[in-house]
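>>> whatever this is, show me its structure:
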Amino acid sequence: MSWIKEGELNLLEKISANILKAGPMPKHVAFIMDGNRRFARRKNMERQEGHMQGFNKLAESSLVFQTLRWCKHLNIQEVTVYAFSIENFKRTKDEVDGLMELAKQKFERLLDERENLEKHGVCIRVLGDLNLLPLDLQQLIAKAVLATRAHNKCFLNVCFAYTSRYEMTNAVREMAWGVEQGLIQASDVSEALLSECLYSNNSPNPDLLIRTSGEVRLSDFLLWQTSHTCLVFQSVLWPEYSFWNLCEAILQYQVNHKSIQSARDIHRAHEALQQLEADRASACSTEYLQRHGNGKPADALRRQEMLSHYAAQRQERVRHFLEALAHKRDSFFTDLCSGVAA
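Predicted structure coming up:
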C-alpha cells in the first residue's frame, strides 16, 4: 500500500466538506490515536496486528500525510499524531520490539516514495527524544525528515518517543545550555522563549485535538501547546476512524471557536505585557542604570530610551540563540544520515 494515495471525496463527502468550510476551520489538528489494542481484542487479533491496522489507518487517511484527501478538501494544513509515548517503553519487550520494527517498515516505505511526497509537498517532522530509539530507526527517521524539510504544502508531525513533560524539561535544558554558552542571559528566559525551545517550535499550536477510544485524558500529549485548544474525545477506536468522525469533531470546534479565539487573544496580550514588564525591570535595574545611565536618576524619556535599547539587545540575543539551537538540531539529523551518532 502506498503512503500517499490519490483520490477524491465522494459526492456526499464533498457536500459536507463545503458546508463545514462555510464556518471557521482548524488549520492544525492533533490526534491521540488510541484504541489499537482494544481493536485487536475485539477482533480476536494479535496485538501486533491491531497496531498494524492502526498504522494502515494512518496510511489510508489524509488527515495525515498518507492520502492527503481530507486535508486538501477540509483545508487542514498541519496534523500532529501521538505515535509512541515514552511511557510505552514500559510495555512488554516483545510488543515494544514489534512496534519498533513496524515503524522501521513504515519509514522505509516512506523513503521509497519520495517522489510522491515531493509531489504533494508533504513535510515530515518527528518530535521526541530519538536517542531512545534503535539507531537504525533513528537513521531512517533522519533521512525522512531531511528529505522532506523543504516541502511546505502539508505538514505531518509524528510524536515518537515523546511526552509533553519530557519536552518541556528538554526546553528548559536548551535554555540552560544557551545561558552556559553565553548566548542568552537568565533574564531572557520567558514563556515565549520556552515555546521556541519546544520540539514543536516550527508549528502553530493545534486548533483542535482529538482523542479516540473514549478515553478523556491527554496522556501527557502537547500539554503546553493545547492550553487554548478545542479538545474533542470520541468513542470510536482509531483503526475505525472515518471522515464523518472528523466532521463531527470539526463541528465541535466551530461551536467553540469564538471562546477559543477570545482566550488566545487574552493570553497573547498577557504574554506581551509580561515581557514588557520583564524588560522594564531589567532595563531599570541598578546594574543596567550604572552601565547606561551613569547611576543617576533618569527622566521618563531617558528611561524609555533605555527600555527600548534593552529590548533590542534582548531580541538580538534571543535571535542568535535560536539560530544556534536550530543549527544544533539540524546537525543531529545530518550526523545521523552520515552514520555518525550525535
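>>> every contact and neighbour count from this point should use C-alpha atoms.
OK.
>>> residues near the residue nearest to Asn256 when sequence neighbours are not counted, how many?
Nearest residue to Asn256 in three dimensions, chain neighbours excluded: Cys230, at 7.2 Å (Cα to Cα, 6 or more residues apart in numbering). By other Cα atoms under 10 Å, the residues close to Cys230 number 23.
>>> isn't Cys230 right up against Asp207?
Yes - taking contacts as Cα atoms under 8 Å, Cys230 lies within contact range of Asp207: 6.2 Å.
>>> circling back to that earlier point, what are the bridge partners for the residue nearest to Asn256, then?
Beta bridges link Cys230 to Leu208, judged by DSSP bridges.
>>> list the contacts for it?
Asp207, Leu208, Leu209, Gln252, Tyr253, Asn256, His257, Ile260 (Cα atoms under 8 Å, 6 or more residues apart in numbering).
>>> next one: the third one from Gln313, what distance?
As judged by Cα to Cα, to the nearest Å, Leu209 and Gln313 stand 37 Å apart.
>>> with neighbour numbers in mind, choose between the two.
The residue with more neighbours, out of Leu209 and Gln313, is Leu209; 26 against 12, by other Cα under 10 Å.
>>> OK, contacts around the more buried one?
When contacts are counted by Cα under 8 Å, 6+ apart, Leu209 is found next to Val29, Ala30, Phe31, Ile32, Thr226, Thr229, Cys230, Leu231, Val232.
>>> one more time with 7 Å, if that's ok
The contact partners of Leu209, taken as Cα atoms under 7 Å, 6 or more residues apart in numbering, are Val29, Ala30, Phe31, Thr229, Cys230, Leu231, Val232.
>>> now those: which count as buried?
Val29, Ala30, Phe31, Thr229, Cys230, Leu231, Val232 (16 or more other Cα atoms under 10 Å).
>>> CA atoms only for the strand or helix carrying Ala17 - export them in CSV, please.
Assigned by DSSP states H and E, Ala17 falls within helix 11-20. Backbone C-alpha positions of helix 11-20 (Å, rounded to 0.1, in the frame of the first residue of the first chain) are rendered in CSV as follows:
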residue,chain,number,x,y,z
LEU,A,11,-20.3,13.4,-3.6
LEU,A,12,-21.8,13.3,-0.1
GLU,A,13,-18.4,13.9,1.5
LYS,A,14,-17.7,16.9,-0.9
ILE,A,15,-21.0,18.5,0.0
SER,A,16,-20.4,18.0,3.7
ALA,A,17,-16.9,19.4,3.4
ASN,A,18,-18.2,22.5,1.6
ILE,A,19,-20.8,23.1,4.3
LEU,A,20,-18.1,22.8,7.0
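>>> buried ones in that helix?
Buried positions in helix 11-20, judged by neighbour count with 16+ other Cα under 10 Å: Glu13, Ala17, Leu20.
>>> looking at these, spot the one nearest Glu108.
Distances from Glu108 to the buried residues of helix 11-20, taken as Cα to Cα, are shortest for Glu13 (32.1 Å).
>>> and that closest one, what's its pLDDT?
Glu13 is assigned 91 on the pLDDT scale.
>>> so what's it up against?
Applying Cα under 7 Å, 6+ apart, no residues qualify as near Glu13.
>>> can you tell me the SS state at the residue lying closest to Gln254 once chain neighbours are set aside?
Nearest non-adjacent residue to Gln254, counting by Cα to Cα, 6+ apart: Pro24, 6.0 Å away. When classified by DSSP: H, G, I helix; E, B strand; the rest coil, Pro24 comes out as coil.
>>> thinking Pro24 is in contact with Val255, fair?
No - counting by Cα atoms under 7 Å, Pro24 stays clear of Val255, with 9.3 Å between them.
>>> what about Cys230, distance to Lys14?
According to Cα to Cα, Cys230 stands 24 Å off from Lys14.
>>> can I get the buried residues of helix 11-20 in CSV with distance to Trp244?
Output for the buried residues of helix 11-20, formatted as CSV (distance: Cα to Cα, whole Å):
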residue, distance to Trp244
Glu13, 8
Ala17, 10
Leu20, 12
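>>> let me know the closest of those residues to Thr92.
Of these, the one sitting nearest to Thr92 (Cα to Cα) turns out to be Glu13, at 40.9 Å.
>>> wait, what's in contact with Ser338?
Contact analysis of Ser338 by Cα under 7 Å, 6+ apart lists nothing.
>>> which stretches of the stretch 1-150 of the chain form helices?
Ranges of helices within the stretch 1-150 of the chain are 11-20, 36-42, 47-60, 69-74, 93-111, 114-120, 135-148, based on DSSP state H, counting those that start in this stretch.
>>> to Cys247, which of these lies closest?
That would be, of those and by Cα to Cα, helix 11-20, which comes in at 7.7 Å.
>>> any idea how many residues pack against Trp224?
By other Cα under 10 Å, 16 other residues sit near Trp224.
>>> so what's the backbone phi/psi at it?
Per-residue torsions, Trp224: phi -70, psi -40 (degrees, to the nearest 10).
>>> list the residues that contact it.
Residues in contact with Trp224 (Cα under 7 Å, 6+ apart): none are found.
>>> all further residue positions should be reported with the first residue as 40.
Sounds good: first residue 40 from here, last item Trp263.
>>> check it and give its pLDDT.
Note for Trp263: predicted pLDDT of 97.
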